[in-house]
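Colleague: Here you go, sequence then predicted model.
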Amino acid sequence: MTLAPPERTRPEDPGPVRLPDHVPVPHGLRATARVTARAGAGGVTGLPVLDGEGPLALRRVRSHGAQARVCVVGAMSAPLGGDRLRVEATVEDGADLCVTAAAATVALPGHTAELATYDVELHVGDGARLAWLPEPLISAEGSDLRMATTVHLAPTARLVLREEQVLGRSGERPGRLRSRLTVRRAGRVLLDQETGYGPGVPGWDTAAVLGGNRATGQLLVVDPAFDDDPPGVRILGTGPEEGQGVRGPLAGPAALATAVAPDGLRLRRLLDAAVPVSE
């Protein structure tokens with residue numbers, strides 16, 4: 001005799017899943033871009049890793065000699081409120097990499113009041129060279145962004161790093177922007193500074209900080225050759241109309257130029273003239 005199979009029953013619908021009140025619901029997108037530069041045959045630098053996500057698209061561009069060049073292309077509007085963006089670059093021993101950007105990065109308000117983050121982590125090996133030359137970061141009205149750049153340098157590594165920030169688009173007030181730059185050479189801190197601008201930041205627009213300017217930036221050059229011939233102190237600019245700044249040596253084989261200007265174009269001119277470097 002054959003027994004009839006048991007009757008199949010549909011499980012009861014549990015209904016919508018509810019998270020406990022204390023569990024945060026993430027907003028915004030998460031994206032990481034990675035690039036690795038490696039010295040190959042004949043000293044020509046290759047790119048075994050070139051991987052972008054979401055708004056962080058990486059494009060290989062025509063190189064100069066043995067140097068590899070990468071351009072960061074914004075594939076969508078970002079960072080918005082709640083976004084978590086990250087870029088990681090590794091330049092292995094003896095490699096030579098230049099990273100640029102196709103356009104400025106614009107921090108915008110999102111659908112949530114949550115702040116956005118943009119983290120950059122750079123590793124440069126012995127005898128390697130990295131030129132990190134993005135376009136300006138524009139802090140649009142209503143945005144809230146925290147940006148952190150961390151650099152790890154081997155003792156004989158060379159670095160050219162430019163950061164530019166424009167506070168507000170034409171005719172608008174800036175958003176809130178906090179930025180930190182940390183550079184370590186051979187495991188020791190070479191530079192560690194944090195800045196803040198915009199609503200809620202005390203004194204950011206006073207004469208002691210920006211003095212009414214809307215563009216600020218810096219150019220950092222680390223080169224072992226500075227051990228024997230360090231750059232001297234130099235005043236940048238001739239008056240408030242074109243912006244002003246200063247270049248000086250750091251306690252290490254490095255020079256740092258810092259400037260403020262009425263707009264991004266005049267800021268770039270000051271930084272370009274601060275420390276002669278070749279890309």
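Modeller: Looks like it came in fine.
Colleague: use CA for all of it now, contacts and neighbours both
Modeller: Fine.
Colleague: Run through the bridge partners of Leu220.
Modeller: Leu161, Leu256 (DSSP bridges).
Colleague: where along the stretch 1-150 of the chain do the strands fall?
Modeller: In the stretch 1-150 of the chain, the strands defined using DSSP state E, counting those that start in this stretch lie at 30-39, 45-51, 56-61, 68-74, 84-91, 96-101, 105-107, 116-124, 129-133, 137-139, 144-153.
Colleague: Give me the helices and strands touching the first one, please.
Modeller: What that stands for is strand 30-39. Here strand 30-39 touches strand 45-51, strand 56-61, strand 84-91, strand 96-101, going by 3 or more CA pairs under 8 Å, 6 or more residues apart in numbering; DSSP states H and E.
Colleague: Now do it: everything it contacts.
Modeller: For strand 30-39, the surrounding residues in contact (CA atoms under 8 Å, 6 or more residues apart in numbering) are 45-58, 68, 83-97.
Colleague: looking at the sheet around the spatially most central residue of the chain, what are its partners?
Modeller: Centroid-nearest residue in the chain, with CA atoms, centre = their mean: Val120, separated by 5.1 Å. Beta-bridge pairing for Val120 (DSSP bridges): Val87, Thr149.
Colleague: Please identify the buried residues of the helix or strand of the chain with the lowest mean pLDDT?
Modeller: When each helix and strand of the chain is scored by mean pLDDT, DSSP states H and E, strand 234-239 comes last, with a mean of 89. By neighbour count, with 16 or more other CA atoms under 10 Å as the criterion, the buried positions of strand 234-239 are 236-237.
Colleague: what's the following helix or strand after it?
Modeller: Counting by DSSP states H and E, the element after strand 234-239 in chain order, helix or strand, is strand 243-249.
Colleague: relative orientation of that following strand and strand 234-239 in degrees?
Modeller: 170 degrees (axes from the mean of the first three to the mean of the last three CA atoms, to 10 degrees).
Colleague: what does strand 243-249 rub up against?
Modeller: Contacts for strand 243-249 (CA under 8 Å, 6+ apart): 213, 230-238, 255-262, 266-267, 270, 274-275.
Colleague: If any of the residues you listed are buried, put those into a ChimeraX selection.
Modeller: For the buried members of these, the matching ChimeraX selection, counting by 16+ other CA under 10 Å, is:
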select :213,230,231,236,237,255,256,257,258,259,260,261,262,266,267,270,274,275
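Colleague: Just send the helices and strands packed on strand 30-39 back as a markdown table, with mean pLDDT and mean neighbour count too.
Modeller: Converted to a markdown table, the helices and strands packed on strand 30-39 look like this (pLDDT from 0 to 100; neighbours: other CA atoms under 10 Å):
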| stretch | mean pLDDT | mean neighbour count |
| --- | --- | --- |
| strand 45-51 | 97 | 17 |
| strand 56-61 | 95 | 18 |
| strand 84-91 | 97 | 21 |
| strand 96-101 | 97 | 23 |
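Colleague: mind checking which of the ones you listed is nearest Pro199?
Modeller: strand 84-91 (21.4 Å; CA to CA).
Colleague: Packing partners of the closest one?
Modeller: strand 30-39, strand 116-124.
Colleague: Now distance to Met76 and mean pLDDT too, for those, in a markdown table please.
Modeller: Compiled in a markdown table, these are given as follows (distance: least, CA to CA, whole Å; pLDDT from 0 to 100):
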| stretch | distance to Met76 | mean pLDDT |
| --- | --- | --- |
| strand 30-39 | 12 | 97 |
| strand 116-124 | 15 | 97 |
